[in-house]
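Participant: Quick one: sequence plus predicted model below, questions after.
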Amino acid sequence: MPIDQRVAAITAVTLAQSIGAWGMFVYTAGASAIATDLNIPAAYIGYQIGIAYFAATLCTLFSGSLTRRMGYVLSLAVAMALIALGAVVTTFWQLAGMFAGSIIMGLGFGLIPASASQILISVTEKNKRAFIFSIKQSGIPIGGMLSALTTPYFAEQLGWRAAGYAVSISCLLIFLFLFVNRHRWNIEDRNTAPTSFNPFLPLIAIHRSRRLMMLIYMAVFYVGIQIVWLTFMSPFFVEDLQFSLAEAGYFLAIVQVTGIVGRILWGWLSDRLQDNFSAMLMLGWIMVICCAAPYFLNTDTSILVLTLLCFFIGFSAVSWNGVFHAALIEIADPGETVQVIAGMAFYIYVAMFTWPALYALLIEWSGNYTISMTTLVLFSFAGIYCAWQSKVLR
């Protein structure tokens, strides 16, 4: 494939990941305005996110088969169309529209991992996969930042529904680009054999290999560290360390920005080393230090120390994803890659809406954030063990 076509494919996949994540998080930064308009508590936005991720989780069980049936590029285009439709539906019919639209967006988001990953596998040399996948995975925090930057503006100037329309228009533009190029990008060998839509195929593909299972377990622990820090850092800094909400937002922004840069740097390093597993072990040890740190923090801790902590949280707990994807593809059976990626997405999505709920209960039971956040050290050690097992098993 010509280099310009490869660049176009990688760019389209990264944009699709970014805009898809934007759609999933688009209303979180405007929860207060939405709550006032719909006459509901602002906390209800948590249900909206939960519904969307639940739909995405269910979709992952069929995403491998759907991707094989439709083709990688067309499947990603359909994902963009679903997110565009869902973003519009969320603006209609008050709560009913928000519920239905969140389901539709979640279904679209659930299609992205399998289709996007297969496109990147097809257009990327093996020795550059960690770097390219890290670029693609940087779309998740980029989507979160798009939400934080745009939704408050839309809510103030045009109403919160305008944020949904902006997501929809962006998704439609990417859909058109993908649809037009679905044949021009000759990047796949379509399998003409009958496709089974057995929802257990992704899980079966993973459980065939103990090495794969250990890598997935590592991801479940690492994503737990990531999502718990991103979810509870702001209230931790406000309630236990006595910062203002605006100051806590500054620290959270450091984590997000460092996570974007960190993903790309770790992907580059992993390709240079030609060893994805050693990179994930190094990431795990940095997480151990970061997760032990809350025990030693108090209201007298200097701003410099806290800034460095946020930097390293972003550089580790939010930066492992691209290297992990490259490792997953490295050890997966080439004929089962699409199902393995779909199964991986299922476990990750389950973890993403399970861990925050469990930690909310732990924080309520313990009465403070410090002890609860420190327990993430156990996640770090568990993830390191699983990464090591995945490295040495053959």
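Facilitator: Here it is on my side, so go on. Numbering: from 1, shown residues only.
Participant: was I right about residue 100 contacting residue 87?
Facilitator: No - taking Cβ atoms under 8 Å as the definition, residue 100 is not a contact partner of residue 87, at 11.7 Å. Yep, even glycine has a C-beta here, placed from its N, CA and C like the rest.
Participant: Report the residue spans of this protein with pLDDT below the cut-off.
Facilitator: Within the chain, the ranges that satisfy pLDDT under 70 run 1-4, 29, 31-32, 42-46, 184-197, 394.
Participant: before we move on, the earlier item: and residue 100 and residue 87? which has more neighbours close in?
Facilitator: residue 87 (31 against 16; other Cβ atoms under 10 Å).
Participant: which phi and psi does the more buried one have?
Facilitator: phi -60, psi -30 (degrees, to the nearest 10).
Participant: Ok, residue 319 next?
Facilitator: Main-chain torsions, residue 319, degrees, to the nearest 10: phi -120, psi 10.
Participant: Now do the contacts for residue 87.
Facilitator: Applying Cβ atoms under 8 Å, 6 or more residues apart in numbering to residue 87 gives the contacts 23, 26, 101, 105, 164, 165, 167, 168, 171.
Participant: Between all of those residues, which two are separated the most?
Facilitator: In those, the most distant members under the criterion Cβ to Cβ are 105 and 165, with 13.5 Å between them.
Participant: Could you check which of these two is surrounded by more residues?
Facilitator: Residue environment comparison for residue 105 versus residue 165 gives the larger neighbour count to residue 105, 33 against 16, counting by other Cβ under 10 Å.
Participant: show me what contacts the more buried one?
Facilitator: Contacts here follow Cβ under 8 Å, 6+ apart; on that basis residue 105 touches 23, 24, 52, 55, 82, 83, 86, 87, 90.
Participant: mind redoing it with 6 Å?
Facilitator: Listed by Cβ atoms under 6 Å, 6 or more residues apart in numbering, the contact set of residue 105 reads 23, 52, 83, 86.
Participant: Test my guess that the first one contacts residue 167.
Facilitator: If I follow you right, that is residue 23. Yes - when contacts are counted by Cβ atoms under 6 Å, residue 23 is listed as touching residue 167 (4.6 Å).
Participant: between those two, who's got more neighbours?
Facilitator: For residue 23 and residue 167, the more surrounded residue by other Cβ under 10 Å is residue 23, and the numbers stand at 33 against 30.
Participant: Okay, and that one sits in which element?
Facilitator: helix 3-25 (DSSP states H and E).
Participant: buried set for that helix?
Facilitator: Using 16 or more other Cβ atoms under 10 Å as the burial criterion, the residues of helix 3-25 that qualify are 6, 8-10, 12-25.
Participant: Now do the strand or helix carrying residue 257: which elements does it pack against?
Facilitator: Under the criterion of DSSP H and E, residue 257 resides in helix 245-273. Using 3 or more Cβ pairs under 6 Å, 6 or more residues apart in numbering; DSSP states H and E, the elements in contact with helix 245-273 are helix 129-137, helix 139-157, helix 210-239, helix 276-292, helix 303-316, helix 321-331.
Participant: Now do the buried residues in it.
Facilitator: Neighbour-count burial for helix 245-273, with 16+ other Cβ under 10 Å as criterion, is recorded at 247-248, 251-252, 254-260, 262-264, 266-271.
Participant: got the angle for it vs helix 303-316?
Facilitator: Direction vectors for helix 245-273 and helix 303-316, defined by axes from the mean of the first three to the mean of the last three Cα atoms, to 10 degrees, enclose an angle of 50 degrees.
Participant: about what we covered before: between the contacts of residue 105, which sits nearest residue 360?
Facilitator: Of all the contacts of residue 105, the one sitting nearest residue 360 is residue 52; the distance, using Cβ to Cβ, is 18.3 Å.
Participant: contacting residues for the closest one?
Facilitator: With contacts defined as Cβ under 6 Å, 6+ apart, residue 52 is in contact with 24, 102, 105, 106.
Participant: with those in mind, which one is nearest to residue 318?
Facilitator: Nearest to residue 318 among the contacts of residue 52, with distances taken as Cβ to Cβ, is residue 24, at 16.2 Å.
Participant: what's the spacing between that closest one and residue 90?
Facilitator: From residue 24 over to residue 90 the distance is 11 Å, taken as Cβ to Cβ, to the nearest Å.
Participant: Repeat that for residue 59.
Facilitator: Look at residue 59 and residue 90: by Cβ to Cβ, they are 17 Å apart.
Participant: So between the two, which is more surrounded?
Facilitator: Of the pair residue 59 and residue 90, residue 90 is the one with more neighbours under other Cβ under 10 Å, namely 29 against 26.
Participant: That one reaches residue 103, doesn't it?
Facilitator: No - here residue 90 does not reach residue 103: they are 9.9 Å apart, not a contact under Cβ under 6 Å.
Participant: residues in contact with the residue nearest in space to the middle of the chain?
Facilitator: Against the mean C-alpha coordinate of the chain, by Cα atoms, centre = their mean, the closest residue is residue 140 at 5.0 Å. For residue 140, the contacting residues are residue 21, by Cβ under 6 Å, 6+ apart.
Participant: Could you rerun that using 8 Å?
Facilitator: Residue 140 neighbours (Cβ under 8 Å, 6+ apart): 17, 18, 21, 321.
Participant: Excluding chain neighbours, what is closest to the third one?
Facilitator: Meaning residue 21. residue 143 (2.5 Å; Cβ to Cβ, 6 or more residues apart in numbering).
Participant: And for the first one?
Facilitator: Nearest non-adjacent residue to residue 17, counting by Cβ to Cβ, 6+ apart: residue 139, 3.1 Å away.
Participant: how far away is that neighbour from residue 369?
Facilitator: Here the distance between residue 139 and residue 369 works out to 29 Å (Cβ to Cβ).
Participant: repeat for residue 314
Facilitator: Computed with Cβ to Cβ, the distance linking residue 314 and residue 369 is 19 Å.
Participant: Which one of these two is surrounded by more residues?
Facilitator: Neighbours per residue (other Cβ under 10 Å) separate residue 314 from residue 369, with residue 314 holding more: 27 against 22.
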